[in-house]
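> Prediction below, plus the sequence it came from.
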Amino acid sequence: MIRAVFFKRHGRPLGFRVSGHSGVSAAGTDIVCAAVSSAAYLTANTITEVLGVKARVLVKDGEMLLEIPENDAAPCGSLLKGFRLHMAALGEQYPDHIEVIDTEV
């Protein structure tokens with residue numbers, strides 16, 4: 001199962017951790033993992049490369065962590081909210097394969 005945890009402080013989005021594998025099909029052919037991975041990379045790359053935010057980004061097999069400094073919450077907020085909405089929509093389509101969690105940090 002893919003678990004997407006979204007971090008907030010005082011209601012402001014500050015990052016996410018996406019981990020796991022959906023198990024819908026074999027590695028390299030799994031459309032759910034591909035959709036999640038693509039959206040996570042788009043979000044992380046836009047924050048770091050387009051917006052120029054000095055975010056903490058860690059990537060390893062089956063996991064991505066992105067944390068932004070609290071003072072960058074405003075410019076990144078819409079993008080993080082959009083990624084969360086995308087993950088929630090995928091979770092509705094594939095409820096046995098994606099879990100979305102919000103946590104206050």
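Thanks, I have the structure now. Numbering: from 1, shown residues only.

> and F7, how many neighbours does it have?
Residues lying near F7 (other CB atoms under 10 Å) number 20. Yep, even glycine has a C-beta here, placed from its N, CA and C like the rest.

> OK, contacts around it?
The contact partners of F7, taken as CB atoms under 8 Å, 6 or more residues apart in numbering, are 13-17, 67, 103, 105.

> repeat for H21
H21 sits next to 1-2, 27, 30, 33, 62 when contact means CB under 8 Å, 6+ apart.

> Repeat that for D72.
51, 53-55 are the contacts of D72 under CB under 8 Å, 6+ apart.

> with those residues in mind, which one is nearest to K8?
A55 (15.4 Å; CB to CB).

> how far out from the middle of the chain is the helix of greatest length in the chain?
If you go by DSSP state H, the chain has its longest helix at helix 73-93. Mean C-alpha position of helix 73-93 versus that of the full chain (CA atoms, centre = their mean, to the nearest Å) differs by 8 Å.

> and it, what does it pack onto?
Counting contacts by 3 or more CB pairs under 8 Å, 6 or more residues apart in numbering; DSSP states H and E, helix 73-93 is packed against strand 2-9, strand 12-19, helix 31-45, strand 98-104.

> Buried residues in it, which are they?
Within helix 73-93, the residues that count as buried by 16 or more other CB atoms under 10 Å are 73, 76, 79-80, 83-84, 86-87, 90-91.

> Dump that helix to PDB, restricted to CA.
Extracted C-alpha coordinates of helix 73-93, given in PDB (Å, rounded to 0.1, in the frame of the first residue of the first chain):
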ATOM      1  CA  ALA A  73       4.700  27.900   3.400                       C
ATOM      2  CA  ALA A  74       3.000  30.700   1.500                       C
ATOM      3  CA  PRO A  75       4.600  30.200  -1.900                       C
ATOM      4  CA  CYS A  76       4.400  26.400  -1.700                       C
ATOM      5  CA  GLY A  77       0.900  26.100  -0.200                       C
ATOM      6  CA  SER A  78      -1.100  25.900  -3.300                       C
ATOM      7  CA  LEU A  79       1.200  23.300  -4.900                       C
ATOM      8  CA  LEU A  80       1.200  21.100  -1.800                       C
ATOM      9  CA  LYS A  81      -2.600  21.400  -1.400                       C
ATOM     10  CA  GLY A  82      -2.900  20.400  -5.100                       C
ATOM     11  CA  PHE A  83      -0.700  17.400  -4.600                       C
ATOM     12  CA  ARG A  84      -2.700  16.400  -1.600                       C
ATOM     13  CA  LEU A  85      -6.000  16.700  -3.600                       C
ATOM     14  CA  HIS A  86      -4.500  14.600  -6.300                       C
ATOM     15  CA  MET A  87      -3.500  11.900  -3.900                       C
ATOM     16  CA  ALA A  88      -6.900  11.900  -2.200                       C
ATOM     17  CA  ALA A  89      -8.600  11.500  -5.600                       C
ATOM     18  CA  LEU A  90      -6.200   8.500  -6.400                       C
ATOM     19  CA  GLY A  91      -7.100   7.100  -3.000                       C
ATOM     20  CA  GLU A  92     -10.800   7.200  -3.800                       C
ATOM     21  CA  GLN A  93     -10.100   5.400  -7.100                       C
END
